[in-house]
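In: Got a sequence here, can you build the structure:
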Amino acid sequence: MNVTRAMQIFNSEKNHQVLLNGSPIWIESLSADRQTAIVRPLEDDGSIKEVSVTELVES
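Out: Residues are numbered from 1 along each chain as shown. Now for the predicted structure:
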């Protein structure tokens, strides 16, 4: 995914399924400058991590 699409999803009122390594995630925040996203699993286990938006896949 590119940072523009990630921003569209992040700012959308609709729910979009986004995957990281095949697992559904929630985008907490985005950095357009660094092209990264702070994400957490939908099955919230408390883990939050920063990943490149190129690792995210819209399903």
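
In: Where does the residue located most distally from the centre of the chain sit: helix, strand or coil?
Out: Computed with CA atoms, centre = their mean, the residue of the chain farthest from its C-alpha average is D45, at 16.1 Å. Recorded secondary structure, D45: coil (DSSP: H, G, I helix; E, B strand; the rest coil).

In: which strand of this structure spans the most residues?
Out: Ranked by residue count under DSSP state E, the longest strand found in the chain is strand 23-31.

In: so what does it touch, helix or strand wise?
Out: helix 3-11, strand 18-20, strand 36-41 (3 or more CB pairs under 8 Å, 6 or more residues apart in numbering; DSSP states H and E). (Glycine included, C-beta is placed from N, CA and C.)

In: could I get these as a markdown table with mean neighbour count?
Out: Listed next are the helices and strands packed on strand 23-31 as a markdown table, based on neighbours: other CB atoms under 10 Å:
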| stretch | mean neighbour count |
| --- | --- |
| helix 3-11 | 15 |
| strand 18-20 | 18 |
| strand 36-41 | 19 |
